[in-house]
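Asker: Give me a model of this one.
(one chain, ligands or ions: 1)
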Amino acid sequence: MSHQHPGHRAKKGPIRVAAAGGVLALLLAACSGGETAADPAPEAPEVEEEDAGDDGDPDAVDEGEEAAGDAADDADEPDEPEVPAVDPASVNADELGQVPVLMYHQLREDGGSLYDMSPEEFRADLIELFDGGYRPVTTAALVTREFDVPAGTTPVVLTFDDSVRNQAFLDDDGELHPDSSMGILIDVAADYDDVEPVASLYLITSSLFGGTADGPDIVRALHEAGMELGNHTTTHPNLGRLSSAEVQDELSTAISMIGDIVPEAEVSTLSLPLGVFPEDRALATSGSGTDGDYAHDAVLLVGSNPAPSPWHVDFDPQALPRILTLRDPGELQGSAWWLEQFEVAQTHQRYISDGNPATISFPADKADQLDPAFEERANPY
Ligand SMILES: [Zn+2]
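Answerer: Numbering: from 1, shown residues only. This is a model prediction of the structure:
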């Protein structure tokens, strides 16, 4: 890898804890966007009180690429998980640790509101993530547990709501423009030999990337680039205020419109507009509208915690929390704050891969946190 942890931020100031809910609600309220369909203030999400600031040992995530000897050839036993290619202890593997699902907003030259970033800030954000050992996977890959990131790294989901134009537009050759969010992601990832430039985009199908004629072309280009096309409804209503029939139409019509553009796309995850569930929560997961049946493998919320590991007993893909991308670690429960918790305060542990998708490695004292459904793949150490 060409990029390694450059002296990671060692900022360790006192972390504001008091009145966390109020601060966050205020932050969220600031997210009312402007001319576009950016999410207005959702209901204040739950905020955990954190005992932040103990002096944990900074992470050792990137240290271990010293692959241990090759896996022994004893994988014939159906009950024994395959032995990982690296000694999980050498990379501090913890596949019961948490996964950040990041919620990006708009790119604006002037930096925009608190939630937005300039293109330069977005590029810097990605470099910090990748240098810090985070590797992008899509929401769909996370929740179906079909992702494969290198030993010692942490999966991260990059999500983009509202299909606004600065996220994706095309150059003269019909490729994703290098100045769009997706173009920047692809460009930055090219500097790393093990970073897949993937993201999950949640589309408002009545307003595709500026609502101009090339909207469908952009959607096709995204699919061809390996991006996940997700459901963010047809018109971005508050689903809590709609009838059950209207909810199901909003969700099924969006999927069918994406299917009309990219027939081979599988729209399998939903980002709730404003983070608000329909009154009948089950309708977020599955239902049947005018344009057919739908079933979502995941339902994404707004704010404010990392998601449990998909192997963790607390993992609930039908209410998957996201983290707001805020570059200032002083912004409570924004992305920079959370990364600092993982790196410095260690009040929470991030997911660290053992490099082998077939096994689930974790420190033995966490065994009771494993979802029993995956016991036969467990590799405690
Ligand atoms: Zn939205």
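Asker: Report the strands that pair with the top strand by length along the chain, each with its relative direction.
Answerer: Counting by DSSP state E, the longest strand found in the chain is strand 154-161. Strand pairing for strand 154-161, determined by DSSP bridges: strand 101-104 (parallel), strand 134-137 (parallel), strand 200-203 (parallel).
Asker: Now it - C-alpha only, PDB.
Answerer: Coordinates of each C-alpha in strand 154-161 appear next as PDB, following Å, rounded to 0.1, in the frame of the first residue of the first chain:
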ATOM      1  CA  THR A 154     -12.400  -1.800   8.700                       C
ATOM      2  CA  PRO A 155     -15.400  -1.800   6.400                       C
ATOM      3  CA  VAL A 156     -17.100   1.600   6.000                       C
ATOM      4  CA  VAL A 157     -20.200   2.400   4.000                       C
ATOM      5  CA  LEU A 158     -20.300   5.700   2.200                       C
ATOM      6  CA  THR A 159     -23.900   6.800   1.600                       C
ATOM      7  CA  PHE A 160     -25.300   9.700  -0.400                       C
ATOM      8  CA  ASP A 161     -28.900  10.700  -0.200                       C
END
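Asker: hang on, the earlier thing: if you compare the strands paired with strand 154-161, which one is most tucked away?
Answerer: Among those, ranked by average contacts under mean count of other Cβ atoms under 10 Å, first place goes to strand 200-203 (a mean of 27). Where you see a C-beta, it was placed from the backbone N, CA and C, and this is true even at glycine.
Asker: if you look at it, does any of it touch the ion?
Answerer: No: using Cβ under 5 Å from the ion, strand 200-203 stays clear of the ion, with a minimum separation of 7.0 Å.
Asker: Which element is encountered next along the chain beyond that strand?
Answerer: Once the chain leaves strand 200-203, the next helix or strand it forms, by DSSP states H and E, is helix 215-224.
Asker: and the angle from the longest strand of the chain to helix 215-224?
Answerer: Angle, strand 154-161 to helix 215-224, by axes from the mean of the first three to the mean of the last three Cα atoms, to 10 degrees: 170 degrees.
Asker: neighbouring contacts of strand 154-161?
Answerer: For strand 154-161, the surrounding residues in contact (Cβ atoms under 8 Å, 6 or more residues apart in numbering) are 38-39, 61, 97, 99-105, 129, 133-139, 142, 147, 149, 167, 181, 185, 198-202, 230, 232, 271, 300, 322, 350-353.
Asker: Just these: which are in strands?
Answerer: The strands in this structure, assigned by DSSP E, contain 101-104, 134-137, 200-202, 230, 271, 300 from the contacts of strand 154-161.
Asker: Contact partners for Asn231?
Answerer: Per Cβ under 8 Å, 6+ apart, neighbours of Asn231: Tyr202, Leu203, Leu251, Ala254, Ile255, Ile258, Val267, Thr269, Leu270, Ser271, Tyr294, His296.
Asker: OK, contacts around the fifth one?
Answerer: Read it as Ile255. Neighbour list for Ile255: Asn231, Val267, Asp291, Gly292, Tyr294 [criterion: Cβ under 8 Å, 6+ apart].
Asker: what's the answer for Met257, then?
Answerer: Thr205, Thr234.
Asker: does the helix or strand encompassing it come close to the ion?
Answerer: Secondary structure from DSSP H and E places Met257 in helix 244-261. No: residues of helix 244-261 contacting the ion under Cβ under 5 Å from the ion: none, with a closest distance of 12.2 Å.
Asker: just use 33 as the starting number from now, easier for me
Answerer: Got it, the first residue is 33 from now on, which makes the last one we talked about helix 276-293.
Asker: Flag every buried residue along that helix.
Answerer: Neighbour counts over helix 276-293 (16 or more other Cβ atoms under 10 Å) mark 279-291, 293 as buried.
Asker: so which of those comes closest to Pro340?
Answerer: Pro340 lies nearest to Leu283 out of the buried residues of helix 276-293, by Cβ to Cβ, at 25.0 Å.
Asker: gap between the two ends of stretch 302-316?
Answerer: Terminal residues of stretch 302-316 lie 8 Å apart, using Cα to Cα, to the nearest Å.
Asker: May I have the residues that are in contact with the spatially closest residue to Leu240 that is not a sequence neighbour?
Answerer: Leaving aside its sequence neighbours, Leu240 sits nearest to Gly247 (Cβ to Cβ, 6 or more residues apart in numbering; 3.2 Å). Contact analysis of Gly247 by Cβ under 8 Å, 6+ apart lists Ser195, Leu240, Phe241.
Asker: Many thanks, I have nothing further to ask.
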